[in-house]
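In: for reference, the sequence and a predicted model appear below.
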Protein chains: 6
Amino acid sequence: MATVQLLEYDDMSPEARSVIDDIKSTRQVDDVNNFWKALANDPTTLGRIWEGLKTVMGPGHLDPVVKEMIYIAVSAANSCDYCIHSHTASARAKGMTTEQLGELLAVVGMAHQTNALATSMAVPVDRQFDAHPDAD
Amino acid sequence: MATVQLLEYDDMSPEARSVIDDIKSTRQVDDVNNFWKALANDPTTLGRIWEGLKTVMGPGHLDPVVKEMIYIAVSAANSCDYCIHSHTASARAKGMTTEQLGELLAVVGMAHQTNALATSMAVPVDRQFDAHPDAD
Amino acid sequence: MATVQLLEYDDMSPEARSVIDDIKSTRQVDDVNNFWKALANDPTTLGRIWEGLKTVMGPGHLDPVVKEMIYIAVSAANSCDYCIHSHTASARAKGMTTEQLGELLAVVGMAHQTNALATSMAVPVDRQFDAHPDAD
Amino acid sequence: MATVQLLEYDDMSPEARSVIDDIKSTRQVDDVNNFWKALANDPTTLGRIWEGLKTVMGPGHLDPVVKEMIYIAVSAANSCDYCIHSHTASARAKGMTTEQLGELLAVVGMAHQTNALATSMAVPVDRQFDAHPDAD
Amino acid sequence: MATVQLLEYDDMSPEARSVIDDIKSTRQVDDVNNFWKALANDPTTLGRIWEGLKTVMGPGHLDPVVKEMIYIAVSAANSCDYCIHSHTASARAKGMTTEQLGELLAVVGMAHQTNALATSMAVPVDRQFDAHPDAD
Amino acid sequence: MATVQLLEYDDMSPEARSVIDDIKSTRQVDDVNNFWKALANDPTTLGRIWEGLKTVMGPGHLDPVVKEMIYIAVSAANSCDYCIHSHTASARAKGMTTEQLGELLAVVGMAHQTNALATSMAVPVDRQFDAHPDAD
C-alpha cells in the first residue's frame, strides 16, 4: 500500500532524476530506496529534503552512528515503521553493534516510561533546569 | 500546577525515603528534583523506576552523554516539557557542548520531517531493511 | 495564554448559553471550567461535544471512575496538560484513591515503555491475536 | 489483522444497518469501507460518529478539499495508516491535484520539523500571540 | 518485517531462557509471543521488562481487566499495532465483553477529540484542578 | 523557561544576524519572535530552516491561509504550544475568520477521534485506497 506512486527512474522528471543521481553517487548505490521513489513525485521537496539530509547527517560534532541512533529513537516515538527499518539498517551499516542497539532500545523504552510519568503527574520544571531565566 | 502533591522528605514514607537516600548518595546531591518528589507518592513505582534508570543509564555500550541525548530526542517527541529540561541539563552536566546540542536538535527536527513524509505517503518498507525475513 | 477568547456567560450567544445551562444543571455547578468557555466561541461544536460526552461518559458497561482513568491515560499520551488536570480532578471526585492513581500511572508508564520497545523492534503481530483472520 | 470483526451488512444489528443505509445513500455507494464495518460492532458509536462526520465535513466555512487535507495532516501526525489512505483517496476524489498533495506534504513535513525544534528548545510563547491576555 | 531477529528458545542465551521459562510457567503457556522472542536479543532488558510487567500488572488496587483496558488505550494513542492486538487479546481472555470494548473505544475516541480541542485552543488550566498549589 | 538562551540581535554571530535581517525584511517586522532568537544559537540550522520555510510557505498551489491552518493542525497534534500560538496568530493575520478557526478545530477534533477508533480496531486498509497496487 502507498498513497502515491513509487516512481522508477525512467518515470521521473529531469529535475527529480538529477537529485536521484546525486543520491546514488553520494551513497554509491545502484538504486535508491522507496522513500526517494515516493518523494520523486514532488521534485522540489525531493531536492530540499536530500540537501537537508546531507547537511544534517554529514560530518559535524556528533558521531555518524550516534546520529542514526537518534534518528531511530525519533522514528520509534513517531511510530514511523518505514523510518525505523531504514535507519536501523543505516545504523548497522555504520557499525552499530547488537549490544548498542539493545542499549539504545532500553534507553528509548525507559524515556517513554518516565516521560509518561512526568507528564501524567504534570510535574513543574525545577528552576535550576532553566537555561534562560528571564524568558518568562 | 501538578496533579499530585510534591512530597518533601519529611512527608515521605520510610520506603520512599530509602529510595530518595539512594538517589542523593548516588548523584551526590543535597536534594532531589521535582520528578522524584512527585513519584514519592507511590513508593513501589518510585523504587522500580529508580532501579531501572540506574541500570539503563549506567555504564554500558553507549557513552553517557549519548544516552542523555537520546533521552532528549524521545522527550521532545513526546512533548514532555519537564523531561526536555531535566535531560538537557543532565546532558550539559555530562559534557554536551552547545555545538553538539545544536546538531542533536537538527537531527531531531529532520527526523520528524522525514518521518512525517514517509508516514503520510505510506511508503512500503524495502525488503532489504528486514532483519527477520521469515517473520511475516 | 490561549488562542481564543474565554467567553463568560454574558458574552456568549443564546445557542451557547443553552448548552452551558445544560452543563451547569447536569453537573450541578455554578460555573463551567475553561474548556467550555473556550469552546463557546463555536456553539455548534460546543453542543456536539457536550452531547457526545454525556453519551460516552454516562451510564454504560464500564464504571464511571474507570472511564475517567482511561481518559487520564489518553490525555497523558497526548500531552494534553489541561485534560490531565481536569480528568484527574474528575476521577478523584468520583472516588479514585491515591493508591489507584499510583497504579494507573504505573500501568500507563509501563505501557509507554513496552509500546516503544515493540514499535522500535517492529515486532510482527502473532496470528493468534487476530480477531478477523480473513481481513487481509 | 484487526482486533474486531468486520461485519457485513447481513450480520449487523437493525440499528447499525440503518446507519449504514444512510452512509450508502448519502455517499451514493454500493458498499461502505472497512472503518464502518468495524464500527458496526457498536451501533451507538457508529451512529454518533457518522452524524458527527456529516456535520463537521459538510458545507460550512472551509472548502471540502481543504477539510480533507486537514484530515490527512492530522492522520499522518497520528500515524493512522488507515486514515491516511482513506482521506487521501477522499481528497483526490474531491479534486486535490498531485501538486496540491505535494505541497500539503511539504507543509506537513516542515511543521513537524519546526514543532520538534520549538518543543526541544522549550521556546516561551511571545506575548503578542496571546488571544486572551487575562487568561493566566 | 522486523528490525531484530525473533529468537526461538534454542537460539537464546541461558539468561534469556531463564526469563522465558518464568513467563511460560507464570502464564501457563507452551510458547511465548513474538514480543518476548524479539526482546530476547537483550537478556538484561528482557528480564527487567518481565519483572516490571509482573509487578505492574499483578494484583493491586485496580481490576486486571481495567489494567488491560488502560493498556489498550495507551497503545492506541501510541499507534502500537502490536500492543493493540496483544492487549486486546489479553483483555478478552480476562473477561472484557464486546460491549465493554465498544465503550472503551468510545471513551478513547472522545478523549482524543477533546484533547485535540483543548490543546489547539491552549486552554489555561483552571486553578481548582491544581493538586499542589505551591508548586509553581 | 527554555533550554537554550534566547539571543538578542547584538549577541548573535554575523551569520545568524544575516538570516535575521532577511526575516525582518521579508516579513517587514522590527523584531523577530522567540523561535528565531532560540534557533540563532545554531546559525546553520537557523539559515536552513528559514530558507525551507520561505520555500514551503511561499506562493504555490495552496492558499497561504490554508497552509497556516494545516500548520495549526499539525502543531496541535504534536502538542507544540509555541507553534499553536504562533501559527494561529499568522493564520488570523492572513485572514482566517473566527468561523473558519472554529471549523478547522472541529475537523481537527473529529480527525483525532476517528484516527483513534481506526487505530484501536486495527482496521485493514481497503484495497481501493491503494495508490500503488504493486508496492507490496
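Out: Great, that's in hand.
In: how is chain A carved up into domains?
Out: Taking automatic domain parsing as the reference, chain A has its domains at A:1-58, A:61-122.
In: just these: most buried one?
Out: domain A:61-122 (a mean of 24; mean count of other C-beta atoms under 10 Å in any protein chain shown). The C-beta positions use only the backbone N, C-alpha and C, and glycine is treated the same way.
In: leaving out chain neighbours, which residue sits closest to A:R92?
Out: Nearest residue to A:R92 in three dimensions, chain neighbours excluded: A:L101, at 7.6 Å (C-beta to C-beta, 6 or more residues apart in numbering or on different chains).
In: want to try a markdown table for the domains of chain A, with mean pLDDT as columns?
Out: Formatted as a markdown table, those follow (pLDDT from 0 to 100):
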| stretch | mean pLDDT |
| --- | --- |
| domain A:1-58 | 97 |
| domain A:61-122 | 98 |
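In: measure A:D81 to chain C for me?
Out: 6 Å (C-beta to the nearest C-beta, to the nearest Å).
In: quick one, what contacts that residue?
Out: B:V125, C:T119, C:A122, E:M1 (C-beta atoms under 8 Å, 6 or more residues apart in numbering or on different chains).
In: let's see 7 Å
Out: For A:D81, the contact set (C-beta atoms under 7 Å, 6 or more residues apart in numbering or on different chains) comprises B:V125, C:A122.
In: for it, phi and psi?
Out: Per-residue torsions, A:D81: phi -60, psi -40 (degrees, to the nearest 10).
In: measure it to B:A40 for me?
Out: Look at A:D81 and B:A40: by C-beta to C-beta, to the nearest Å, they are 38 Å apart.
In: over to A:S13?
Out: 61 Å.
In: okay, the domains of chain A in JSON lines with distance to B:W50 next?
Out: Shown next, in JSON lines, are these (distance: least, C-beta to C-beta, whole Å):
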{"stretch": "domain A:1-58", "distance to B:W50": "35"}
{"stretch": "domain A:61-122", "distance to B:W50": "10"}
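In: tell me what angle the longest helix seen in chain A forms with helix C:98-121.
Out: As assigned by DSSP state H, the longest helix anywhere in chain A is helix A:98-121. Helix A:98-121 runs at 140 degrees relative to helix C:98-121, counting by axes from the mean of the first three to the mean of the last three C-alpha atoms, to 10 degrees.
In: quick one: contacts for the residue in chain A positioned nearest to chain B?
Out: Nearest residue of chain A to chain B: A:A77, at 3.4 Å (C-beta to the nearest C-beta). Going by C-beta under 7 Å, 6+ apart, A:A77 touches B:V74, B:A77, B:N78.
In: distance check, the second one against C:H112.
Out: To tie it back to what came earlier, the one meant is B:A77. 12 Å.
In: again, but for A:F35
Out: Taken as C-beta to C-beta, the span from A:F35 to C:H112 is 27 Å.
In: ok, A:R27 next?
Out: Per C-beta to C-beta, A:R27 is found 35 Å from C:H112.
In: contacts only, for the nearest residue to A:I23 once chain neighbours are set aside.
Out: In space, and not counting its chain neighbours, A:I23 is closest to A:V32: 5.3 Å by C-beta to C-beta, 6+ apart. By C-beta under 7 Å, 6+ apart, A:V32 lies in contact with A:I20, A:I23, A:K24.
In: now A:V32, what are its backbone angles?
Out: According to degrees, to the nearest 10, A:V32 has phi -100, psi 160.
In: same check on A:S79?
Out: phi 50, psi 40.
In: does it really touch D:S79, like I thought?
Out: Yes: with contact defined as C-beta atoms under 7 Å, A:S79 reaches D:S79; the gap is 4.1 Å.
In: intersection of neighbour lists for those two?
Out: E:S79.
In: how much space between the closest residue to A:D126 other than its chain neighbours and B:K67?
Out: Nearest residue to A:D126, sequence neighbours excluded (C-beta to C-beta, 6+ apart): B:N33, at 4.7 Å. Distance, B:N33 to B:K67, using C-beta to C-beta: 18 Å.
In: wait, what's in contact with the residue in chain A positioned nearest to chain E?
Out: Residue nearest to chain E within chain A (C-beta to the nearest C-beta): A:G102, separated by 3.3 Å. By C-beta under 7 Å, 6+ apart, the contact set of A:G102 is E:N41, E:D42, E:T45.
In: among the residues you listed, which lie within helices?
Out: Residues of those located in helices (DSSP H): E:T45.
In: which pLDDT value belongs to A:H132?
Out: What the model reports for A:H132 is a pLDDT of 77.
In: reduced to three states, what does it come out as?
Out: coil (DSSP: H, G, I helix; E, B strand; the rest coil).
In: give me the nearest residue to it, chain neighbours excluded.
Out: Excluding the flanking residues, the one nearest A:H132 by C-beta to C-beta, 6+ apart is F:A2, at 4.0 Å.
In: check which helix or strand covers the closest residue to A:M57 other than its chain neighbours.
Out: If the residues on either side of it in the chain are set aside, A:M57 comes closest to A:K67, at 5.6 Å by C-beta to C-beta, 6+ apart. In this assignment (DSSP states H and E), A:K67 forms part of helix A:64-77.
In: after that helix comes which helix or strand?
Out: helix A:81-93.
In: now the angle from that next one to helix B:98-121?
Out: 140 degrees.
In: helix A:81-93 vs helix A:64-77, what angle?
Out: Using the same axes, to 10 degrees, helix A:81-93 lies at 160 degrees relative to helix A:64-77.
In: residues in contact with A:E103?
Out: Contacts of A:E103 (C-beta under 7 Å, 6+ apart): B:G60, B:H61, B:L62.
In: measure the first one to A:L101 for me?
Out: Okay, so that is B:G60. 12 Å.
In: please list the residues of chain A that sit near chain C.
Out: A:72, A:76, A:79, A:81, A:84-85, A:105, A:108-110, A:112-113, A:115-117, A:119-122 (C-beta under 7 Å from any C-beta of the partner chain).
In: let's see 10 Å
Out: A:72-73, A:75-82, A:84-85, A:88, A:101, A:104-122 (C-beta under 10 Å from any C-beta of the partner chain).
In: isn't A:A118 right up against B:S75?
Out: Yes: counting by C-beta atoms under 10 Å, B:S75 is a contact partner of A:A118 at 8.7 Å.
In: so what sits against both of those two?
Out: Common contacts of A:A118 and B:S75 (C-beta atoms under 10 Å, 6 or more residues apart in numbering or on different chains): B:D81, B:Y82, B:C83, B:I84, B:H85, B:S86.
In: residues contacting the residue nearest the centre of chain A?
Out: Residue closest to the average C-alpha location in chain A (C-alpha atoms, centre = their mean): A:Y71, at 4.1 Å. Counting by C-beta under 10 Å, 6+ apart, A:Y71 makes contact with A:56-57, A:80, A:83-84, A:86-88, A:90-91, B:73, B:107-108, B:110-111, B:114-115.
In: need the residues of chain A near chain E, please.
Out: Residues of chain A lying near chain E by C-beta under 10 Å from any C-beta: A:72, A:76-82, A:84-89, A:91-92, A:98-99, A:101-106, A:109-110, A:112-113, A:116, A:121-125, A:127.
In: secondary structure element for the closest residue to A:M110 other than its chain neighbours?
Out: Distances taken as C-beta to C-beta, 6+ apart place B:V56 nearest to A:M110, at 4.6 Å, with adjacent residues excluded. Assigning secondary structure by DSSP H and E places B:V56 in helix B:43-57.
In: thought A:T3 was touching D:I72?
Out: Yes: counting by C-beta under 10 Å, D:I72 is a contact partner of A:T3 at 8.4 Å.
In: that's all I had, so thanks and see you.
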